[in-house]
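Q: What shape does this take:
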Amino acid sequence: MTDQLHQVNVTYAGKEDRLLLRATTQKGNEYRIWLTRRFTALLLNILNKAMEQYGGAPTIGSSQQTKQMLKAGALEKVFEEERTTNYPLGEDGILAFGVKTANTSEGNLSLEILPENGPGVTFNLNKQLLYMLQSLLSQGIARADWHINGLLDNSSQQVH
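A: You can find the predicted model right below:
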């Protein structure tokens with residue numbers, strides 16, 4: 001992705017039992033990426049490890065920049081459907097199959113999500129965007145009721 005992120009959204013599609021990650025850019029491109037449970041767990045692990053470099057989610061979440069993004073409604077804004085003019089990965093999107101990571105010279109995480117064949121998408125995430133994407137994935141996991149990495153409180157479930 002060569003232009004700046006505008007909005008990111010994660011929804012649960014029960015029929016497919018997958019999460020749909022949608023990212024729009026300032027130039028009106030929309031990237032749609034389908035995430036399986038296995039891939040979501042892998043991606044969440046990568047994001048959590050990357051956030052540890054900055055002190056973890058509590059430290060990033062309490063930073064002034066993150067607080068400003070949250071006050072501006074970063075996690076509550078309705079996804080703007082009408083901004084999209086182009087689908088570089090196709091309107092149906094891709095099924096995430098592989099991931100590559102690297103650190104950029106600016107200290108951001110370069111996160112490339114790839115299908116089994118063909119082009120994927122690369123996100124350059126600063127620590128606030130890491131936090132936001134991790135939060136959106138965690139919310140999607142909760143809606144899917146996937147119980148990945150102990151994110152959900154299982155204390156009320158009975159074990160036989």
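
Q: Going by C-alpha atoms from here, please, whenever you check contacts or count neighbours.
A: Will do.

Q: beta partners of I113?
A: In this structure, I113 bridges to V99, V121 when assessed by DSSP bridges.

Q: who are the neighbours of the lengthiest helix in the chain, in terms of helices and strands?
A: Ranked by residue count, the top helix of the chain under DSSP state H comes out as helix 127-144. If you count contacts as 3 or more C-alpha pairs under 8 Å, 6 or more residues apart in numbering; DSSP states H and E, helix 127-144 packs onto strand 5-13, strand 18-25, helix 37-52, helix 57-61.

Q: Which of those sits closest to T85?
A: Proximity to T85 (C-alpha to C-alpha) singles out strand 18-25 among those, at 9.8 Å.

Q: relative to strand 18-25, how tilted is the helix or strand immediately after that closest one in the chain?
A: Sequence order places strand 30-35 as the next helix or strand after strand 18-25, per DSSP states H and E. Strand 30-35 and strand 18-25 are oriented at 160 degrees to each other (axes from the mean of the first three to the mean of the last three C-alpha atoms, to 10 degrees).

Q: quick one: low-confidence ranges for the chain?
A: Applying pLDDT under 70 to the chain flags residues 1-2, 56, 62-63, 65-84, 149-160.

Q: Okay, the residue nearest to the spatial centre of it and T85: tell me how far apart.
A: Nearest to the mean C-alpha position of the chain, by C-alpha atoms, centre = their mean, lies L133 at 3.8 Å. Between L133 and T85 the computed distance is 23 Å (C-alpha to C-alpha, to the nearest Å).

Q: Pull the distance from the longest helix of the chain to the chain's centre.
A: Centroid separation between helix 127-144 and its chain, computed with C-alpha atoms, centre = their mean, to the nearest Å, is 6 Å.
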